[in-house]
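Participant: Provided below for reference: sequence and predicted model.
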Amino acid sequence: MSTELTHLRKLLIQHYSLDEFRTLCFDLGILYDNLGGDGLSGKARELLLLIGRQQRFEELLHHIQTERPDLDMTGLTSTLLQAAMPASEPPPASQ
């Protein structure tokens, strides 16, 4: 998943201005000023780490796709969403 996160971080820093990134954080209910990191690159990294811990990749990807429909996010969506889903429990053993 690290490769996908790197790709997503690069998409954010290439296609969002600092002000647009602040708005994205606002729309996600995340306080920009509470994110660690310096500059857009550091803040994007910290946002992705927070979103991962909160298992909110689907929400983030929805916002990005809505705001930037021309971005090619092929492969990112399914990979990140699968990684964010909790592992399913095995079926109970039959007795």
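Facilitator: Everything's here; your move.
Participant: Now residue 23: which helix or strand?
Facilitator: helix 18-27 (DSSP states H and E).
Participant: Not counting that helix itself, show me its contacts.
Facilitator: Identification of contacts with helix 18-27 by CB atoms under 8 Å, 6 or more residues apart in numbering yields 12, 16, 31-32, 35, 39-40, 43-44, 47, 63-64, 67. To be clear about C-beta, it is placed using only N, CA and C from the backbone, and glycine gets the same treatment.
Participant: List buried residues within those residues.
Facilitator: 12, 16, 32, 35, 40, 43-44, 47, 64 (16 or more other CB atoms under 10 Å).
Participant: any weak-confidence spans in the protein?
Facilitator: Within the chain, the segments meeting pLDDT under 70 span 1, 75, 77-95.
Participant: which residue ranges form the helices in it?
Facilitator: 2-15, 18-27, 39-53, 57-67, 76-84 (DSSP state H).
Participant: quick revisit: list just the nearest of the contacts of helix 18-27 to residue 2.
Facilitator: Distance to residue 2, by CB to CB, is smallest for residue 44 among the contacts of helix 18-27, at 14.7 Å.
Participant: if we can go back for a sec, closest one of the buried ones among the contacts of helix 18-27 to residue 55?
Facilitator: With CB to CB as the yardstick, the closest approach to residue 55 among these comes from residue 47, at 14.1 Å.
Participant: so the closest one sits right up against residue 31, yeah?
Facilitator: No: here residue 47 does not reach residue 31: they are 10.9 Å apart, not a contact under CB atoms under 8 Å.
Participant: picking up where we left off before, want to throw the buried ones among the contacts of helix 18-27 into a markdown table with distance to residue 25?
Facilitator: Shown next, in a markdown table, are these (distance: CB to CB, whole Å):
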| residue | distance to residue 25 |
| --- | --- |
| 12 | 11 |
| 16 | 10 |
| 32 | 4 |
| 35 | 7 |
| 40 | 11 |
| 43 | 8 |
| 44 | 10 |
| 47 | 7 |
| 64 | 12 |
